[in-house]
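In: Mind folding the following:
(2 chains)
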Amino acid sequence: MSDPVIALLPLFRESLSLAFGDEFAETDPMLRTSKHADFQANCALSLAKTLKRPPREVASALLDRLPHADIIERAEISGPGFINVWLTREYLAKALSEASADLGLTPTETPETVVVDYSSPNVAKELHVGNLRSTIIGDALCRVLEAVGHKVLRQNHLGDWGTPFGMLIENLLEGDVEAGEQSIKNLNAFYQAARKKFDSDSAFAERARNRVVMLQRGDVETLELWKKLVLASTRYFNTIYDLLGVTLRDEHLAGESLYNPWLPQVVEELTARNLAVESDGAICIFPPGFLGREQQPLPLIIRKQDGGYGYATTDLAAVRYRTQSLHATRILYVVGASQEQHLSMVFAAAKVAGWLVEPARAEHVSFGAILGSDKKMFRTRAGETIRLLDLLNEAVSRAQSIVTEKNPNLPPEVQHSIAHAVGIGALKYADLSNDRGKDYVFDWDRMLSFDGNTAPYLQYAHARIRSIFRKGEAEIPSADSVRIVAPEEKALALTLLAYPTVVRDVADSLDPHKLCGYLYELATAFSTFYECCPVLKAPSQSERDSRLVLCDFTARVLEKGLMLLGIESPEKM
RNA sequence: GCGCCCGUAGCUCAGCUGGAUAGAGCAUCGGCCUUCGAAGCCGGUGGUCGCAGGUUCGAAUCCUGCCGGGCGCGCCA
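Out: The predicted structure follows:
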């Protein structure tokens, strides 16, 4: 870990225990970046309360006992009792040099097995904007968790089971099966046709209901048809995943059908242990603390009146599978905010059942909706839901026209690959750079802009750096040639060294927008440096080498950081 | 009706878990291309942090109550 805070921490801990006794050795010195210094320690203010001494006196006591180290250039008390700290340029150069190989990101000492449940589209349905956030956020989190050293198990909880499959299979049988395979290609139309027949044709609806029963029983012919539906869908999903550049593969498919064989025993076990009870003909579990409309306990229905199982049972079986078979200690559900109550009830029930016990825990990685400029649900002008494929194609074609305008002399195939990286990157970044808990407003012009906190701006910063090396035909000098002199070099160095802390913070908080904010800060710090500090035309060879190392380090952090978000970094654009 | 989430510049968003004068981008006004990519950089204008109380050295941040918006609340998943 290259973050200077890590180096500063033991010095302040020692000072704390020297000044106020060993019981304060674990006190958090509250080291933060500062606009008044390189770092500031805020602990004197809060300590003043417990010690009942004036804050500046506390700060002074700490400052007096701060061990001398070659890290600190100077430290002083400021304002009501902040301790401002400036680092030596020698230390920053050394820290950068040591961090160069792995960008300062060393693997965690406490690796875990983390299940990430994300994307989870429905079979026989078109992927639409509603699936976008789960897919993008989930994929970024997987990459970040792996980067800090966790074992990540991606689980694509496909909607591949349940009552809709009765009508879908019957619809498949309406024509001959081969023709059916053709029509599956237009999934929305196929689904809607089935739906329409189900609603208007009572004989068809009856056959559909029977078909569900046959499917549940494992009728061979029915299962064959079901498999056709699933295969056609997953093939289609894969083409979109490839286009989007997400890491989901067939091996990560773990749909609802996977848990089907275990549903009866889940219910039996819960019933046998008196955790679930019969209510209005259904079998329910009433997790403590959940109340409904009339203050009555809220049920989680694990077996319906008709004997069928709903998604609560599947979700419970999935928790059990993930902790007991996959040995996950952390389970992440990248699912929309509307599922909040359902998921907390499932988690509560799983805890009562003993399937979710420490150190294992489940977290709902909630996210808000994508809104149009009218602040309502993002839809086409005609009011229809937007196909994800259309959205992706539009992103690429919009980027394409910008690239051809800005850089017309590049070969067409290079232009296209840049357009893909920029378009898809812009789309993903627009999503990831917003606080995932909130709704956000979708805006093509803003996300594709080269100004502001956007993917194209970061990609541009990266491409500019790469072009320095091309133009200067420069090799990357040895990392220990860094010398920090100019204030812009120092600001850049401090930002670079913060990278590992930011990535770890994201692995913990599951907030990718913090990584976005950091990369934007880095790109602006680089731009400022680049304006002020000539690289290829540096006054001396040693300055040129030092600045080339800073350039290369920055380019690698940008590239790696974007990669963790699932975004490409073209060499030219 | 109850529960959860949200309300920050004209617009779109940050705000490091209670710290210094609340920050960016867009828009607007003004500077910078005979030197490494101007797809860029530097500066100005612009805020009663929804409202009202409370907690304390200190609140956009924590607590309470309102106002406004979204979502959820028994057999779809």
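In: What values do phi and psi take at the nearest residue to A:Ser120 once chain neighbours are set aside?
Out: Excluding its sequence neighbours, the residue lying closest to A:Ser120 (Cβ to Cβ, 6 or more residues apart in numbering) is A:His157, at 4.2 Å. All C-beta atoms are positioned from the backbone trio N, CA, C, and that covers glycine. Phi and psi for A:His157, reported as degrees, to the nearest 10, are phi -80, psi 70.
In: For A:Asp38, which residues are in contact?
Out: A:4, A:85-87, A:494 (Cβ atoms under 8 Å, 6 or more residues apart in numbering).
In: try 6 Å this time
Out: Neighbour list for A:Asp38: A:86-87 [criterion: Cβ atoms under 6 Å, 6 or more residues apart in numbering].
In: now do A:Ile283
Out: Going by Cβ under 6 Å, 6+ apart, the list of residues near A:Ile283 reads A:267, A:276, A:302-303.
In: repeat that with 7 Å
Out: A:267, A:271, A:276, A:302-303 (Cβ atoms under 7 Å, 6 or more residues apart in numbering).
In: Report the buried members of those.
Out: Burial by neighbour count, judged by 16 or more other Cβ atoms under 10 Å, picks out A:267, A:271, A:276, A:302-303 from those.
In: Now do the host helix or strand of A:Leu343: which elements does it pack against?
Out: For A:Leu343, the host element (DSSP states H and E) is helix A:340-353. Packing partners of helix A:340-353 (3 or more Cβ pairs under 7 Å, 6 or more residues apart in numbering; DSSP states H and E): strand A:300-303, helix A:311-320, strand A:361-367.
In: how about these, which one is nearest A:Gly452?
Out: strand A:361-367 (21.9 Å; Cβ to Cβ).
In: Note down every partner strand of the closest one and its orientation.
Out: Taking DSSP bridges as the criterion, strand A:361-367 forms sheet pairs with strand A:330-336 (parallel).
In: With just CA atoms, put the partner strand into PDB.
Out: Provided in PDB are the C-alpha atoms of strand A:330-336 (Å, rounded to 0.1, in the frame of the first residue of the first chain):
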ATOM      1  CA  ARG A 330     -20.300 -12.300   1.500                       C
ATOM      2  CA  ILE A 331     -23.200 -12.300  -0.900                       C
ATOM      3  CA  LEU A 332     -24.000  -9.300  -2.900                       C
ATOM      4  CA  TYR A 333     -27.400  -8.700  -4.600                       C
ATOM      5  CA  VAL A 334     -27.100  -6.100  -7.300                       C
ATOM      6  CA  VAL A 335     -30.800  -5.600  -7.500                       C
ATOM      7  CA  GLY A 336     -33.000  -2.500  -7.900                       C
END
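In: List the buried residues in it.
Out: Neighbour-count burial for strand A:330-336 [16+ other Cβ under 10 Å]: A:330-335.
In: Let's have the residues you listed in JSON lines, adding pLDDT and distance to A:Ala369.
Out: Listed next are the buried residues of strand A:330-336 as JSON lines, based on pLDDT from 0 to 100; distance: Cβ to Cβ, whole Å:
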{"residue": "A:Arg330", "pLDDT": "98", "distance to A:Ala369": "26"}
{"residue": "A:Ile331", "pLDDT": "98", "distance to A:Ala369": "24"}
{"residue": "A:Leu332", "pLDDT": "98", "distance to A:Ala369": "20"}
{"residue": "A:Tyr333", "pLDDT": "98", "distance to A:Ala369": "17"}
{"residue": "A:Val334", "pLDDT": "97", "distance to A:Ala369": "14"}
{"residue": "A:Val335", "pLDDT": "97", "distance to A:Ala369": "13"}
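In: what does the strand or helix carrying A:Leu141 rub up against?
Out: Secondary structure assignment for A:Leu141, by DSSP H and E: helix A:129-147. By Cβ under 7 Å, 6+ apart, the residues outside helix A:129-147 that reach it are A:105, A:114, A:116, A:118-121, A:152, A:154, A:244, A:246-247, A:332, A:334-335, A:365, A:367, A:370, A:378, A:385-386, A:388, A:391, A:428, A:431-432, A:436, A:503, A:506-507, A:510, A:512, A:564-566.
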